[in-house]
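> I'd like to go over a predicted model; first the sequence, then the structure.
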Amino acid sequence: MLQPPKIRLTIAPLFAKNGWLTNLSKQYIASDPSYDAADLLPPIAKALSYKGDLYAVPFYGESSMMFYNKALFASAGLTMPANPTWAQIQTFAAKLNQPGKQSGICLRGLAGWGDNMAALDTVVNTFGGQWFDMNWKPQLTSPAFENAANFYVNLVRKYGEPGAANDSFNQLLTLYGQGKCAMWYDATVAATSIATTYPDVYKQTGYALAPVNKTKSSGWLWTWSLGIPQGVSNSGAAWKFVSWATSKQYDDLVASKYGWAAVPPGTRTSLYSNPSYLAAAKAFAPITLASIDGTDPDHPTVNPVPYVGVQYVDIPQFESLGVQVGQQIAGAIAGTESVSQALQAGQSAASQYTAAQLSGGG
């Protein structure tokens, strides 16, 4: 049987626009009511749709949020707000940081548009920065973007984990699970990983919405999903697998083998009203849902922008551009260059594209 491609949220609509993906809504979902596409979380379904039709379906979905060790907060006399600001997080990190023992906060530093840039972009957005203005002119050296980047880099350099420029999700999960991070800002799906891998730390874990500055929310939106290439001869067999792997029945199977806390989160509304799931994931299920529902990829920044996406820009060039900028930011975190130098290099890279290329006009 054909293996369906794993589709990143950024490229599903782009692939659909280019005619590379099968229209699942029209070809399969419309005649398969048992799939219950209406049950998909609206922000996730919208992100995988083109002109109102689904071209991929989600295996799991996520936003971002703050994880924190309640025992460490209590011993320091600190209280985490439900919706903290980045200024508050910086204050907490300074008080909780104990070099050689525990970091005040753990943050992604590994170079990549989906690694350090995923977290940094949410900071840029809420600080008032943006990648491009409405005329597709790069804005990486703007005061708002530079303030956000300086804040992020200084936060991780002063109070973050040693060697942060090498760390992404898996490394930070291990550090947090070992009790070496007082706070960790990352994907909401990490709650499932903590619960199933580090049960002792999970019992001491608290959750807060993604920190903000000038915006009301700042969490990212992401999903790993499955789609079917256009024109393949055995697409019916592919749909049989895709529909099963993203179905309620699959959730039931995972729950029966590994427990409800291990079920892939962030895809279906019904999961968040399932008493069994809520009993197992009561600590993080409500805030995960609130985080996903609170995202607005169409309006991710303080000022209007010509692109869609919270922690990315929905243009084909962003995979390359985001990596280039991520490499520069990793250098700033490692101390091999300044933030200003990093952003100047990023601005130069972004300026290589014309407005027509970026907007899809040439």
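Everything's here; your move.

> residues in contact with Thr246?
Going by Cβ atoms under 8 Å, 6 or more residues apart in numbering, Thr246 touches Val57, Pro58, Phe59, Ser225, Leu226, Thr267. (C-beta placed from N, C-alpha, C; glycine too.)

> Pull the most distant pair out of these.
Leu226 and Thr267 (11.3 Å; Cβ to Cβ).

> hang on, the earlier thing: so of the contacts of Thr246, which ones are in strands?
Applying DSSP state E to these, the entries found in strands are Val57, Pro58, Phe59, Ser225, Leu226.

> which one of these is nearest Val254?
Taking Cβ to Cβ as the measure, Val254 lies nearest Phe59 of those, at 11.1 Å.

> phi, psi of Ala118?
The phi and psi values for Ala118, taken as degrees, to the nearest 10, are phi -60, psi -50.

> no, scratch that, I was asking about Lys203
The phi/psi pair for Lys203 (degrees, to the nearest 10) reads phi -60, psi -20.

> what about it, distance to Ala237?
44 Å (Cβ to Cβ, to the nearest Å).

> now do Leu173
Leu173 is 35 Å from Ala237, by Cβ to Cβ.

> Just after the worst-scoring helix or strand of the chain on mean pLDDT, pick out the following helix or strand.
The least trusted helix or strand in the chain, going by mean pLDDT, DSSP states H and E, turns out to be strand 6-8, with a mean of 47. Remark: after strand 6-8, the chain's next helix or strand is helix 12-17, criterion DSSP states H and E.

> For that following helix, give me every contacting residue.
7, 21, 23, 47-50, 53, 55-56, 225, 227, 314, 316.

> Would you convert the residues you listed into TSV that also reports secondary structure?
Compiled in TSV, those are given as follows (DSSP: H, G, I helix; E, B strand; the rest coil):
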residue	secondary structure
Ile7	strand
Leu21	strand
Asn23	coil
Ala47	helix
Leu48	coil
Ser49	strand
Tyr50	strand
Asp53	strand
Tyr55	coil
Ala56	coil
Ser225	strand
Gly227	coil
Asp314	coil
Pro316	coil
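
> who wins for neighbours among those residues?
The member of these that has the most neighbours, counting by other Cβ atoms under 10 Å, is Ala56 with 32 neighbours.

> before we move on, could you check phi and psi at the residue of the chain positioned farthest from its centre?
Computed with Cα atoms, centre = their mean, the residue of the chain farthest from its C-alpha average is Ser233, at 34.1 Å. The phi/psi pair for Ser233 (degrees, to the nearest 10) reads phi -80, psi -30.

> Phe169 too?
The phi/psi pair for Phe169 (degrees, to the nearest 10) is phi -60, psi -50.

> Tell me if I'm right that it and Leu107 touch.
No: look at Phe169 against Leu107 with Cβ atoms under 8 Å: they stay out of range, at 11.2 Å.

> quick one: which of those two has more around it?
Higher neighbour count among Phe169 and Leu107: Leu107, with 27 against 18, using other Cβ under 10 Å.

> Pull up the distance across stretch 184-203, start to finish.
Chord length of stretch 184-203, first to last residue, is 15 Å (Cα to Cα, to the nearest Å).

> Give me the mean pLDDT for it.
In this model, stretch 184-203 has a mean pLDDT of 97.

> Tell me which stretches of the stretch 101-250 of the chain form strands.
For the stretch 101-250 of the chain, the strands defined by DSSP state E, counting those that start in this stretch cover 183-187, 205-209, 222-226.

> now the last one, how far from the chain's geometric center?
The reference is to strand 222-226. 11 Å (Cα atoms, centre = their mean, to the nearest Å).
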